[in-house]
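> Got a sequence here, can you build the structure:
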Amino acid sequence: MAIAIEDIRKLKELTGVGLTDAKVALVEADGDFDKALEAMRKKGLTKAEKKGDRETREGIIDSYVHSGRIGVVVEVNCETDFVARLDDFKRLAHEMAMQIAAMNPQYVTEADIPAEELERVRQEALASDTLKGKPADIADKIVEGQVKKHFAEKVLMNQAYILEDGKTVEQYVKENIAKLGENIAIRQFKRIELGVNE
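Below you'll find the predicted structure:
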């Protein structure tokens, strides 16, 4: 079966894989572009998971100011200076600054939540009336669910990504790891809102 070169190029651009890999994916999908794209995305995200442990020492600091009232500075890291200079990487950093301005997270990842804050929220959940008369194992699950829900909007990586429905920030970052071929980490951010002291 002949595969159109336009489809190969389009698949390469969308997934960040080489031309040969794009062609192989299209052949394996019997020329079905959407099927090939889905297969390559899955492969790319699997590769992104593996890259997640690699060290990120390069990157950029980006900023965003919304209506003169909210300002954000964010540090986004990657593995090489080459990737840090790419427009796609700069766009990601800027979109993260916009996300932080819009959604006001307090932590980058769940690992950044202080243990005492986690314990405080857990104790509040344990004191809740909803646990009365519930078996211990069910109560534990309810408490875990309440703690997770409490921090869902406060953790940047867990937030819904504002520019694409049905996707979290973490999923969007992983897509960019797959596309750019390097580990990417949001190291830190600072959000300032006019008239609000934190």
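
> Can you report phi and psi for the residue nearest the centre of the chain?
In the chain, the centroid-proximal residue (C-alpha atoms, centre = their mean) is residue 170; its distance is 1.9 Å. Residue 170 adopts backbone torsions of phi -60, psi -40, taken as degrees, to the nearest 10.

> next one: residue 107
Dihedral angles (degrees, to the nearest 10) for residue 107: phi -130, psi 150.

> So it is in contact with residue 113, correct?
Yes. The pair residue 107 and residue 113 passes the contact test of C-beta atoms under 8 Å, sitting 5.4 Å apart. Using the backbone N, CA and C atoms, a C-beta is placed for each residue, glycine as well.

> Spit out the residues that contact the two alike.
Residues touching both residue 107 and residue 113 (C-beta atoms under 8 Å, 6 or more residues apart in numbering) are 151, 154, 155.

> just checking, which of those belong to helices?
Here DSSP state H is the test, and the shared contacts of residue 107 and residue 113 give residue 151 as lying in helices.

> Among the shared contacts of residue 107 and residue 113, which one has the most neighbours?
The most crowded member of these, judged by other C-beta atoms under 10 Å, is residue 155 (21 neighbours).

> For it, give me its contacts.
Neighbouring residues of residue 155 by C-beta under 8 Å, 6+ apart: 105, 106, 107, 108, 109, 110, 112, 113.

> Quick one: name whatever helix or strand follows the helix or strand bottoming out on mean pLDDT in the chain.
One helix or strand of the chain scores below all others by mean pLDDT, DSSP states H and E: helix 33-51, with a mean of 66. Remark: after helix 33-51, the chain's next helix or strand is strand 58-66, criterion DSSP states H and E.

> Go through that next one and flag the buried ones.
58, 59, 60, 62, 64 (16 or more other C-beta atoms under 10 Å).

> can you check stretch 65-84 too?
Neighbour counts over stretch 65-84 (16+ other C-beta under 10 Å) mark 70, 71, 72, 73, 74, 75, 76, 77, 78, 79, 83, 84 as buried.

> And the strands in this protein?
Applying DSSP state E to the chain gives strands spanning 58-66, 70-78, 185-193.

> Quick check: which of the ones you listed is nearest to residue 5?
Proximity to residue 5 (C-beta to C-beta) singles out strand 70-78 among the strands of the chain, at 30.8 Å.

> I am finished for the moment; much appreciated.
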